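# For reference, the sequence and a predicted model appear below.
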Number of protein chains: 2
Amino acid sequence: MPSPDVYAADCPSRGVLDHLTSRWGVLVLVALSEEMHRFSALRRKVGGVSEKMLAQTLTTLEHDGFVERTAYAEVPPRVEYRLTPLGVEVAERVEGLVTWIEKNLPRVQRARAAKARTVQEG
Amino acid sequence: MPSPDVYAADCPSRGVLDHLTSRWGVLVLVALSEEMHRFSALRRKVGGVSEKMLAQTLTTLEHDGFVERTAYAEVPPRVEYRLTPLGVEVAERVEGLVTWIEKNLPRVQRARAAKARTVQEG
DNA sequence: GTAAGTACCTACCTTGTGGTAAGTATGAGA
DNA sequence: TCTCATACTTACCACAAGGTAGGTACTTAC
C-alpha cells in the first residue's frame, strides 16, 4: 500500500482526520487528556453537546483506538472513558491547537476588526 | 471579557476552532504552509474540494487573519494565497496533527482490526 | 408516589453542509 | 470561430449532521 497522503481524497487518513477534527471529537479528546471522565461528567464539561452526539463521538473515537471504555456492572450504571496510549499522543497535538486558539483569540479578533475597517474604507 | 474557554458553548474561540478544523480548512492550511499557492493550484492539490468550497474556505480563513489574498489585475486573472504570520503559527499545530495521522495510520488501522476481532469473539 | 440520576438508544424532523452545473469577463491559441 | 484557462459567483438540490424527545431499567431521596 502507498504511504498515507491526506491530499488524496480516497486515502484512509482522511477518515481519521475527520474523526479527530470533528465538532465534538476535538473537545472530547482535550477533556479526556486532562483526566478520566464518566459519560455525564463529559456531557457537563463539553458545553452544548447532546447525549446523542457525545455517545456517537465516543463510539467513533473508541473504534479508532483513541479512547478506552470501561463499564462497571453496577446500579446506577458507571462507565469510564479514558485515552489509550495512542489517544494520548494525538490529544497532545489537538490540545496544542486548542490552547493556541484560546491564547491568541484576541489577535484573531483584532485581525477581523482590521479587515472590517479595510472593507469599509476600500 | 472573560478568558477564552472552548468548553463554553458561546465562547468566540469555538468559531475559530470550527474554522480551523473544518473539513477543507485543515488541508488548505497545511498546503499553504508549504508554499504560496494560486487558486487553481490549491484546487488541484487538495483532492476532492469543489471550487465553491475552496473559495468559501479561503474567505473564512482570510477573514480570521490566517490567510492573505493578493490579486493581480492581469488577464487571465492571477490570485495568490499565502499564510499570514498568524496563519504560520496555527498551521504549525495543524500540520503537527496531520503528519502524526499520516505517520501513525497503520497503528489506527491495527487498533480498528483488533476491536473488530474482539467484537466477533465476545 | 414521584422525581432525579445513571448511560445510553431510537425515531423523527429540521438545519446546514456541500456537491453539480452554469454563468461572467477576458485574451490566447488552433 | 471555438475552445481553454483564470478565478470566481450563483442557483439548485440532495444528503448528512445533529437537535429534540421519548423509552429503558434500576435505585435513592423526598
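Done, it's in. Just so we're clear, the structure is a prediction, and the values are computed from it rather than from any experiment.
# can you pull out the helices in chain A?
Secondary structure of chain A (DSSP state H): helices at A:13-20, A:25-34, A:39-45, A:51-63, A:85-121.
# model confidence over the last one, on average?
By that I understand helix A:85-121. Averaged over helix A:85-121, pLDDT sits at 91.
# out of the helices of chain A, deepest packed?
Comparing the helices of chain A by mean neighbour count (mean count of other CB atoms under 10 Å in any protein chain shown), helix A:25-34 comes out on top with a mean of 22. C-betas here are computed from N, CA, C, even on glycine.
# I'd like the distance from it to the chain centre, please.
Centroid separation for helix A:25-34 versus its chain: 5 Å, with CA atoms, centre = their mean, to the nearest Å.
# With just CA atoms, put that helix into CSV.
Provided in CSV are the C-alpha atoms of helix A:25-34 (Å, rounded to 0.1, in the frame of the first residue of the first chain):
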residue,chain,number,x,y,z
GLY,A,25,-14.2,15.0,18.8
VAL,A,26,-11.7,17.7,19.4
LEU,A,27,-13.3,18.8,22.7
VAL,A,28,-13.8,15.3,24.0
LEU,A,29,-10.1,14.5,23.3
VAL,A,30,-9.0,17.6,25.1
ALA,A,31,-11.3,16.9,28.1
LEU,A,32,-10.1,13.3,28.4
SER,A,33,-6.5,14.4,28.1
GLU,A,34,-6.9,16.2,31.5
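# which bits of chain A sit near DNA strand D?
Selection of chain A residues close to DNA strand D by CB under 7 Å from any atom of the strand yields A:22-24, A:48-53, A:75-77.
# Among those residues, pick out the one closest to A:R112, please.
Here the nearest of these to A:R112, counting by CB to CB, is A:R23; it sits at 21.4 Å.
# before we move on, the earlier item: for the helices of chain A, which one sits closest to A:A71?
Comparing those by CB to CB, helix A:39-45 comes nearest, at 10.0 Å.
# Who are the packing partners of the closest one?
Packed against helix A:39-45 by the contact rule (3 or more CB pairs under 8 Å, 6 or more residues apart in numbering or on different chains; DSSP states H and E) you find helix A:25-34, helix A:51-63, strand A:78-83.
# Format the ones you listed as a markdown table; extra columns: distance to DNA strand C.
Converted to a markdown table, the helices and strands packed on helix A:39-45 look like this (distance: least, CB to the nearest atom of the strand, whole Å):
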| stretch | distance to DNA strand C |
| --- | --- |
| helix A:25-34 | 12 |
| helix A:51-63 | 4 |
| strand A:78-83 | 3 |
